[in-house]
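*Asks:* Just the structure for this:
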Amino acid sequence: MTLVNLTGIQAGDFSLLADDHSPEEGAAVAVPLSRLTDEGDDFFKVAGPVGAVLTTDTNHADLAPLMNKLAFVVVDFPAFGDGRGFSLAVRLRKDLGFKGEIRATGPVIPDQALFLLRAGFDTVEVADERAEAFKAALKRFDSFYQTDYTGQVSLAHARHKATEERKAS
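*Replies:* This is a model prediction of the structure:
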């Protein structure tokens with residue numbers, strides 16, 4: 001697997017913590033959300049950076065109590081056609097103000113690279129043979145008809161504003 005960086009951030013290096021293991025002191029670990037909600041504060045004191053592994057059916061509100069404790073989030077897509085992970089990333093960014101890394105894993109495809117970026121993902125794990133296709137897809141378009149999670153002005157809004165300005169002058 002290859003890690004493709006969508007935003008240029010310093011991507012975290014972590015290991016997936018098995019259910020029956022405790023974190024090593026200072027180790028960066030990714031843990032399923034179900035386990036994190038059961039763990040006490042001592043878990044976060046022992047581990048280094050902690051991330052939550054989420055399924056696409058996770059309710060973003062379930063992460064609210066953990067927002068000040070999480071360094072990153074991993075969204076595991078079960079299939080490339082499951083778009084709920086995109087919505088989850090947007091909700092984490094917009095509703096919960098999450099600033100850490102959001103990573104996509106699972107069978108996402110190069111055609112989704114810009115959608116991942118625009119939804120708030122920073123990185124994506126892809127099969128080695130797809131890495132170059134993902135990087136190329138990120139350069140495919142530079143203007144969009146929809147706004148993204150940051151509120152970037154869409155082509156439709158820019159055209160509407162230009163029309164209004166012409167009418168006003």
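*Asks:* Excluding chain neighbours, what is closest to Ala71?
*Replies:* Pro49 (3.6 Å; C-beta to C-beta, 6 or more residues apart in numbering). Bear in mind the C-beta positions are built from the backbone N, C-alpha and C, glycine included.
*Asks:* my guess is that neighbour meets Phe14, correct?
*Replies:* Yes: at 6.8 Å, Pro49 and Phe14 qualify as touching, with contact defined as C-beta atoms under 8 Å.
*Asks:* Between these two, which contacts overlap?
*Replies:* Contact criterion C-beta atoms under 8 Å, 6 or more residues apart in numbering; residues shared by Pro49 and Phe14: Ala28, Val29, Phe72.
*Asks:* nearest to Ala156, of those?
*Replies:* Phe72 (33.2 Å; C-beta to C-beta).
*Asks:* Tell me the bridge partners for that closest one.
*Replies:* With DSSP bridges as the criterion, the beta-bridge partners of Phe72 are Gly51, Glu101.
*Asks:* List the contacts of it.
*Replies:* Gly12, Phe14, Ala30, Pro49, Gly51, Gly100, Glu101, Ile102, Arg103.
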